[in-house]
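*Asks:* build me a model from this:
(chains A, B, C, D and E)
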Amino acid sequence: MTTVGIADTTFARADMAKHAISELKRNASVRIKRYTVPGIKDLPVACKRLIEEHSCDIVMAFGMPGADQKDKVCAHEASQGIIMAQLMTNTHVIEVFVHEDEAPSDREFAALAEARAREHALNVIKLLFKPDQLEKEAGTGQRQGYADAGPARV
Amino acid sequence: MTTVGIADTTFARADMAKHAISELKRNASVRIKRYTVPGIKDLPVACKRLIEEHSCDIVMAFGMPGADQKDKVCAHEASQGIIMAQLMTNTHVIEVFVHEDEAPSDREFAALAEARAREHALNVIKLLFKPDQLEKEAGTGQRQGYADAGPARV
Amino acid sequence: MTTVGIADTTFARADMAKHAISELKRNASVRIKRYTVPGIKDLPVACKRLIEEHSCDIVMAFGMPGADQKDKVCAHEASQGIIMAQLMTNTHVIEVFVHEDEAPSDREFAALAEARAREHALNVIKLLFKPDQLEKEAGTGQRQGYADAGPARV
Amino acid sequence: MTTVGIADTTFARADMAKHAISELKRNASVRIKRYTVPGIKDLPVACKRLIEEHSCDIVMAFGMPGADQKDKVCAHEASQGIIMAQLMTNTHVIEVFVHEDEAPSDREFAALAEARAREHALNVIKLLFKPDQLEKEAGTGQRQGYADAGPARV
Amino acid sequence: MTTVGIADTTFARADMAKHAISELKRNASVRIKRYTVPGIKDLPVACKRLIEEHSCDIVMAFGMPGADQKDKVCAHEASQGIIMAQLMTNTHVIEVFVHEDEAPSDREFAALAEARAREHALNVIKLLFKPDQLEKEAGTGQRQGYADAGPARV
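*Replies:* Modelled structure (predicted):
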């Protein structure tokens, strides 16, 4: 059975993985393997281990970088590592990061986090089972957690 | 038959791949393999898989980074990953990125995107079949989507 | 017996490793292998050698970047290297950096350094022996050295 | 016979490779293999292929980054890739970049580009055939295209 | 016999390697292998070749980045490459960079360069032969070329 790896952190202030897992299970028959680490810089190796040691076919990596410049640098390092992990394994890792400064209140922040987690879970389903659906949406300005931008009006 | 990989995103607001494929087919007899992913950070591994799992001889990677600082960082990470994918495979990936802040209106943005996609498709043809043509154009200030800068006037 | 690698520097102004080792030994039966280098840019290869040449199951990397822009760049380079070391070995390296500008006085700085070292030592214990505990804390806003941020209130 | 790879771009506004090749041939008996690509981000894989597929003993990589921040980022990515290509092949790639904002007029820009290309061609000769000459010049403030800075006066 | 690689540049304005070699020879019986390159971006592959092709047990890499933003970027790229070279070889490369803007006059700059070169040579001796000495100095605020910062006073 197809296995989806879920890597997330104790640093994050919302349990995005929970929403993603719910959305994944609602849309497909997949096995879930979860791997929680302290912070986002611990995510790259967790993703690689999910792929190589836990046979995951794809991984979702959830993180919540803070608003300081220092946190932005951490997020950048984590993203570079996640891309390298993909290149070393030829396997997708869908990065689902919500930046602390993306929403003005805790409530809106949590809502954004849930929406983004769910929409990216649907992207995972498409990458695994419906690549043609993604091709149909190519260049149409899809967004995750916000309203879609839509295609450029010409 | 020579195979050209086409990696693009659902995030982009224009279907650049369509124009590139049209230009490729008009100028050469090539097979096309398309691979659409959610966002630009998913492009590096898609390019590597197109090369290693779908036997592509060259790949075009289309993306449309947003105008925010956060989006610039994503584009930078994607570009680093695309360069690494090339080094790991000894295969060219022609990056075709159009930044959201490169044009003042949707109409001009779409026109720029199409022009750049078509001109880079011609670069792909030259890399594959006419390397001597590229050598003739060396140091002549070629641009894709804008008017050529031309050589320095001395 | 499980071995925890401890990589630290002579550049740092506090012996964070001492506190981490004390915390590790108080909570688990582990062997410690320590490796001190001059500065943070020497940490990545020290971590990799601890894993590959000294059979460490996990590593903690302690560093204290200065407050200048130049020091921030060094810390960034060290972090990138530490992430790469993890990807090359499929082994966790818990980075414990305290930035010189995180505290207003030497006394507060030393207290922060000790607290962060001890809390990350507990993270190491969880990664090694209690992964379920980490999963329970997923998305709960844990911090090391500061008060926990806690989950977003919705 | 020793082979020098020459990687350059159609984006550049001056044919630096021509000057370098002339200087190389005037000073040594070497075979030249040229490889022209569209832009600087295409240089890393071109350099690696020159080394691995065309048996080059050393490579010169010519590029002309624009003056915009976006172009600076491209140059940075290209440089990182060129360094990685060297590490993957244990072979030198001498990067010869002239930034568009280094000279006030086209004429001066072209003169700078030629001077830098020729001086770096001499560096290539020294790396290949006269390493002792480089050692003699160690720490003497050599510059390529500008007047030498000279050693610090003590 | 233990071999210490010395990689340096013709770009630098002081012969730091000379001072380091003198200090190394005064403190230990080691063989020296020197490799001079044009600029700091040529250092990473020189270091890797010293290790892999000249059997060096450790390498010192000397560089003098200029004061411009462009030079800072070069130094960053060189540092990233030097860290990668270490990870690919499991061997230390002690980076000894002196930034042109670290001292107000040529005389002070040269003095700083010599002091830093000599102190890092002692670090090399410790890494090779006296790792216990480094562990004793862990967290004590050691500096190279400047007065030691010392441990935080609590």
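*Asks:* which helix runs longest in chain A?
*Replies:* helix A:106-129 (DSSP state H).
*Asks:* list the residues that contact the residue nearest in space to the middle of chain A.
*Replies:* Here the mean C-alpha position of chain A is nearest to the C-alpha of A:Val96 (C-alpha atoms, centre = their mean), at a distance of 2.8 Å. When the contact criterion is C-beta atoms under 8 Å, 6 or more residues apart in numbering or on different chains, the partners of A:Val96 are A:16, A:20, A:60-63, A:116-117, A:120, A:144. For the C-beta atoms, the positions are set from N, CA and C on the backbone; glycine is no exception.
*Asks:* which pLDDT does the model give the closest residue to A:Gln80 other than its chain neighbours?
*Replies:* Nearest-residue entry for A:Gln80: B:Glu77, 5.7 Å, with adjacent residues in sequence omitted and distances by C-beta to C-beta, 6 or more residues apart in numbering or on different chains. pLDDT, the model's per-residue confidence, is 98 for B:Glu77.
*Asks:* likewise for A:Leu24?
*Replies:* 98.
*Asks:* pretty sure it belongs to a strand, no?
*Replies:* No - according to DSSP: H, G, I helix; E, B strand; the rest coil, A:Leu24 belongs to no strand; its state is helix.
*Asks:* neighbours of it, just the number please.
*Replies:* Neighbour count of A:Leu24, defined by other C-beta atoms under 10 Å in any protein chain shown: 24.
*Asks:* which parts of chain A are helices?
*Replies:* A:16-27, A:43-52, A:69-89, A:106-129, A:131-136.
*Asks:* does the last one reach chain B?
*Replies:* It refers to helix A:131-136. Yes - with C-beta under 8 Å from any C-beta of the partner chain as the measure, helix A:131-136 is seen reaching chain B through A:131, A:134-135.
*Asks:* now, among the residues you listed, which is nearest to B:Ile40?
*Replies:* For these, the minimum distance to B:Ile40 (C-beta to C-beta) is 14.1 Å, reached by A:Leu134.
*Asks:* how near is that closest one to B:Lys25?
*Replies:* Shown here: A:Leu134 relative to B:Lys25, a distance of 22 Å by C-beta to C-beta, to the nearest Å.
*Asks:* quick one, which of the two is more surrounded?
*Replies:* Counting neighbours by other C-beta under 10 Å for A:Leu134 and for B:Lys25 shows that A:Leu134 has the greater number, 21 against 13.
*Asks:* which ones are touching the more buried one?
*Replies:* Shown in contact with A:Leu134 (C-beta under 8 Å, 6+ apart): A:123, A:126-127, B:10, B:36-38.
*Asks:* same deal with A:Cys47?
*Replies:* With C-beta under 8 Å, 6+ apart, A:Cys47 has these contacts: A:5, A:7, A:59, A:61, A:82, A:85-86, A:93.
*Asks:* let's go with 7 Å and repeat that
*Replies:* Going by C-beta atoms under 7 Å, 6 or more residues apart in numbering or on different chains, A:Cys47 touches A:5, A:7, A:59, A:61, A:82, A:85, A:93.
*Asks:* and the residues you listed, which are buried?
*Replies:* The neighbour count (16 or more other C-beta atoms under 10 Å in any protein chain shown) marks A:5, A:7, A:59, A:61, A:82, A:85, A:93 as buried among these.
*Asks:* residues of chain A that sit close to chain C?
*Replies:* With C-beta under 7 Å from any C-beta of the partner chain as the criterion, chain A meets chain C at residues A:8, A:10-17, A:34, A:36-38, A:41-42, A:44-45, A:48-49, A:52-53, A:70, A:73, A:77, A:80-81, A:84-85, A:88, A:106-107, A:109-110.
*Asks:* drop anything exposed from these.
*Replies:* Looking at the residues of chain A next to chain C with 16+ other C-beta under 10 Å, the buried ones turn out to be A:8, A:10-17, A:34, A:36-38, A:41-42, A:44-45, A:48-49, A:70, A:73, A:77, A:80-81, A:84-85, A:88, A:109-110.
*Asks:* report pLDDT for the closest residue to chain E within chain A.
*Replies:* Scanning chain A for the residue nearest chain E gives A:Gln80, at 10.7 Å (criterion: C-beta to the nearest C-beta). With respect to pLDDT, A:Gln80 scores 98.
*Asks:* and it, what does it touch?
*Replies:* Counting by C-beta under 7 Å, 6+ apart, A:Gln80 has contacts B:77, B:80, C:80.
*Asks:* need the residues you listed in CSV with distance to C:Thr140, can you?
*Replies:* Converted to CSV, these look like this (distance: C-beta to C-beta, whole Å):
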residue, distance to C:Thr140
B:Glu77, 28
B:Gln80, 32
C:Gln80, 28
